[in-house]
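Q: output the structure for:
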Amino acid sequence: MTGKALITGGAGFIGGFLAERLLGGGWTVDILDNFERGRSDAFLDALLARDGARLVQCDLLDRDAALETLDRDYTHIFHFAAILGVQNVIDNPDRTLSANVALLDSALALAKAQGALDRFIFASTSEVYAGSLELLDLTIPTPEDHVLAVPDLGRPRTSYMLSKIYGEAMTRLSGLPYTILRPHNVYGPRMGQSHVVPQLLQKAYDAPNGGSIEVFSLDHTRTFCFIEDAVEMIVRTATAKTCRNQVLNLGAQEPEYRIEQLADTVIATVGKNLSIRPGPEHQGSPSRRAPDMSRMLDLTGYRARVDLQDGVARTYAWYRPTVFEGNKAEVAV
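A: All right, here's what the predicted structure looks like:
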C-alpha cells in the first residue's frame with residue numbers, strides 16, 4: 001500500500017526515520033516541523049532530496065495558519081509533534097500540558113478536513129502506565145487494556161503522561177479512523193542526547209581507558225526497541241485494516257535488561273576498559289517497564305528483531321563520527 005502522508009514532528013527522531021521508510025516504499029510525504037526540537041541536518045537534507053518529499057515549516061500551535069497551509073488529500077496523518085524529554089517536561093510542565101493538547105487539537109482538525117483519510121496515527125507514550133505501576137498491581141509485560149491510574153497531579157513529570165492520556169481520549173472520541181501507539185524505549189541514531197543509550201555512549205566515549213562512568217538507576221529494567229523495528233511496526237499498523245481503531249504497544253517485549261546490563265553493553269561497544277560507578281535512582285522513573293506485544297504480533301505478524309548488541313553498535317556507529325567527534329548541535333538535546 002502507498003499513499004500521501006503528513007508527519008508532524010517529522011524532522012525529529014522517529015518522524016525522520018518513518019519518512020525515510022515511507023519514501024522508500026513509494027509514498028508521498030510531507031514533513032512538518034517548527035524546528036523547536038527537530039534538526040535540519042544532513043539526514044533531513046537527504047530525505048528532502050528524494051522524490052515525493054516536501055518540508056512544511058509551520059507551527060501547529062497556530063491552528064489557523066496550519067489549516068490554511070496544509071493539503072486536503074492526505075491518506076495518513078502521523079502525529080508525532082509534542083513537547084517531550086524528561087528535563088523539558090520537568091522544566092515546563094504547564095506548557096507541556098497545554099501545548100501537547102493544542103498540537104493534537106490542530107492535527108485532529110486537519111484530519112477532519114481531509115477528503116479521503118484512511119488513518120490518523122497518534123503517538124502516545126509508555127508513560128501512561130506509570131501511575132498504574134505506582135498505585136495498582138501492574139501486570140508486566142503490560143497489555144494495552146490494563147487500567148490506567150493517575151498519580152499525583154502536582155508532580156511536574158506527570159504533565160506529559162496526562163497530556164498523552166487526554167490525547168488518547170481526544171483521538172478515540174474524534175470520530176476519525178485511528179491507531180494509537182504507545183512507544184516503549186525506542187532508540188537509535190539521531191535520537192537526541194536526553195535518552196539513556198546516547199547518554200551512556202557519550203560517557204563511555206569521553207571516559208579515559210581504565211576509568212569509570214556513573215550510571216543511574218542500575219537496578220531498573222527496560223526492554224529496548226531499535227528504530228528500524230519500531231518504524232516497521234508503525235508502517236504495518238498504519239496500513240493494516242486490522243489495526244484501525246486499536247491501541248497498540250510499540251516496542252520489544254523481551255529480553256528485559258537491567259540498566260547496569262545496558263551500561264556493560266555500551267562499554268563493550270565503545271571498546272574501553274571501564275568500570276561502573278553506581279549513581280542514584282532517577283526520581284519518578286519507573287523501576288520496571290516492558291510491553292506485552294502479543295496484540296501487535298497478532299495484528300501485524302511482526303515482532304522486534306534487532307538485538308541490543310547490534311542496535312547499540314549501529315547507534316554508536318552514527319553518534320561517534322556525527323556527534324562525539326563532530327557537531328553536538330546535530331541532534332536535539
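Q: ok, which stretches of the stretch 201-333 of the chain are helices?
A: 227-239, 259-270, 294-300, 308-319 (DSSP state H, counting those that start in this stretch).
Q: run a quick neighbour tally on residue 273.
A: The local packing of residue 273 (other Cβ atoms under 10 Å) involves 10 other residues. The C-beta positions use only the backbone N, C-alpha and C, and glycine is treated the same way.
Q: what's near enough to touch it?
A: 209-210 (Cβ atoms under 8 Å, 6 or more residues apart in numbering).
Q: is residue 143 in contact with residue 298, as I believe?
A: No: if you go by Cβ atoms under 8 Å, residue 143 and residue 298 don't touch, sitting 11.7 Å apart.
Q: if we can go back for a sec, okay, the helices of the stretch 201-333 of the chain in TSV with distance to residue 100 next?
A: Below are the helices of the stretch 201-333 of the chain laid out as TSV (distance: least, Cβ to Cβ, whole Å):
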stretch	distance to residue 100
helix 227-239	19
helix 259-270	27
helix 294-300	24
helix 308-319	27
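Q: ranges for the helices of the stretch 1-150 of the chain?
A: Counting by DSSP H, counting those that start in this stretch, the helices of the stretch 1-150 of the chain are 13-24, 42-48, 63-69, 86-91, 93-112, 130-135.
Q: out of those, which is the most enclosed?
A: helix 13-24 (a mean of 22; mean count of other Cβ atoms under 10 Å).
Q: just to revisit the earlier point, who has more neighbours out of residue 143 and residue 298?
A: residue 143 (13 against 9).
Q: tell me the spacing between that one and residue 152.
A: Residue 143 sits at a distance of 25 Å from residue 152 (criterion: Cβ to Cβ, to the nearest Å).
Q: also residue 308?
A: Separation of residue 308 from residue 152 (Cβ to Cβ): 33 Å.
Q: again with residue 129
A: 16 Å.
Q: what does residue 85 give?
A: Distance from residue 85 to residue 152, by Cβ to Cβ: 21 Å.
Q: the two: which has the busier surroundings?
A: residue 85 (18 against 11).
Q: so the closest residue to the more buried one other than its chain neighbours, which state does it fall into?
A: Once flanking residues are discounted, residue 85 sits nearest to residue 194: 4.5 Å by Cβ to Cβ, 6 or more residues apart in numbering. Assigned with DSSP: H, G, I helix; E, B strand; the rest coil, residue 194 falls in the coil class.
Q: same deal with residue 179?
A: Applying three-state DSSP: residue 179 is strand.
Q: any idea what it is bridged to?
A: residue 121, residue 246 (DSSP bridges).
Q: got a pLDDT number for it?
A: Residue 179 is assigned 98 on the pLDDT scale.
Q: distance of it from residue 301?
A: Taking Cβ to Cβ, one finds residue 179 at 16 Å from residue 301.
Q: which of the two has more neighbours?
A: residue 179 (23 against 10).
Q: measure that one to residue 121 for me?
A: Applying Cβ to Cβ to residue 179 and residue 121 gives a distance of 5 Å.
Q: joint contacts of the two?
A: 237-238.
Q: what about the chain, any weak spots by pLDDT?
A: 327-333 (pLDDT under 70).
Q: that older thread, how about the helices of the stretch 201-333 of the chain, which one is nearest residue 211?
A: helix 259-270 (10.7 Å; Cβ to Cβ).
Q: number of residues surrounding residue 278?
A: 12.
Q: that one bridge partners, please.
A: In beta-bridge terms (that is, DSSP bridges), residue 278 pairs with residue 215.
Q: surely it meets residue 218?
A: Yes: the criterion here is Cβ under 8 Å, and residue 278 meets it with residue 218 at 5.3 Å.
Q: spatially nearest residue to the most far-flung residue of the chain relative to its centre (excluding sequence neighbours)?
A: Note on the chain: the largest C-alpha distance from the chain mean falls to residue 210, namely 34.4 Å (Cα atoms, centre = their mean). Closest residue to residue 210 apart from its sequence neighbours, by Cβ to Cβ, 6+ apart: residue 273 at 5.5 Å.
Q: and that neighbour, how far is that from residue 213?
A: For residue 273, the distance to residue 213 - Cβ to Cβ - is 12 Å.
Q: likewise residue 28?
A: Computed as Cβ to Cβ, the residue 28 to residue 213 distance reads 45 Å.
Q: repeat that for residue 198.
A: 13 Å.
Q: please apply the same query to residue 57.
A: Taking Cβ to Cβ, one finds residue 57 at 38 Å from residue 213.
Q: more neighbours, the two?
A: When residue 57 and residue 213 are compared for neighbours, residue 213 comes out ahead with 22 against 13, by other Cβ under 10 Å.
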